[in-house]
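> I would like the atomic coordinates for the input below:
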Amino acid sequence: MDIQEARRVIEDDIARAGYAIEYAKSNRGRVYFVSRRCMIPEIKSRSTLYTACHELGHIVAGYVKPVYVGEYRAELFAHDKMRELGFAVPRRATKRAKEYVSMKIRRAKKRGLVSVSSQIQAWSDKG
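All right, here's what the predicted structure looks like:
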């Protein structure tokens, strides 16, 4: 599968879930659950494909609290979806994903989180 076919698959999955797609001007994404919008970058590379897969992961998982758990699930979904589409996950995407989840854990702890899933903590520490 080439990048354009993968783009169609991801965009179709987002649309089938009932979300409108908006294109970001950077390699960032966001899901707006209330207004059912999904902001993704234009898919032109493995990196932008990964970001779109991550946002689709949020849609599939739904609104998850605490935030670090939702981010962890979206990262795992993105890794699996990339492989399913026939693409290698960029190493820097994996590194960035682990750093991102780790940062979300630190923020949650600062806000009073008492315990963290040991599985998620171990995964994010392997960055």
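> Contacts for the longest helix belonging to the chain, please.
Taking DSSP state H as the criterion, the chain has its longest helix at helix 91-110. By Cβ atoms under 8 Å, 6 or more residues apart in numbering, the residues outside helix 91-110 that reach it are 46-47, 50, 54, 66-68, 71-72, 75, 78-79, 113, 116, 120-121, 123-127. Every C-beta, even on glycine, is put in place using the N, C-alpha and C of the backbone.
> Repeat that for stretch 14-27.
Identification of contacts with stretch 14-27 by Cβ under 8 Å, 6+ apart yields 11, 30-31, 36-42, 47-48, 51-52, 55-56, 59-60.
> again with stretch 112-127
The contact list for stretch 112-127 (Cβ under 8 Å, 6+ apart) reads 66, 68, 69, 72, 95, 98, 99, 101, 102, 105, 108, 109.
> would you turn those into JSON lines with pLDDT, neighbour count and distance to residue 1?
Formatted as JSON lines, these follow (pLDDT from 0 to 100; neighbours: other Cβ atoms under 10 Å; distance: Cβ to Cβ, whole Å):
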{"residue": "66", "pLDDT": "91", "neighbour count": "17", "distance to residue 1": "35"}
{"residue": "68", "pLDDT": "92", "neighbour count": "25", "distance to residue 1": "32"}
{"residue": "69", "pLDDT": "94", "neighbour count": "18", "distance to residue 1": "30"}
{"residue": "72", "pLDDT": "95", "neighbour count": "26", "distance to residue 1": "26"}
{"residue": "95", "pLDDT": "92", "neighbour count": "12", "distance to residue 1": "25"}
{"residue": "98", "pLDDT": "93", "neighbour count": "17", "distance to residue 1": "26"}
{"residue": "99", "pLDDT": "93", "neighbour count": "12", "distance to residue 1": "29"}
{"residue": "101", "pLDDT": "93", "neighbour count": "26", "distance to residue 1": "28"}
{"residue": "102", "pLDDT": "93", "neighbour count": "19", "distance to residue 1": "32"}
{"residue": "105", "pLDDT": "92", "neighbour count": "23", "distance to residue 1": "34"}
{"residue": "108", "pLDDT": "90", "neighbour count": "17", "distance to residue 1": "37"}
{"residue": "109", "pLDDT": "90", "neighbour count": "13", "distance to residue 1": "40"}
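> Good, we can wrap up now.
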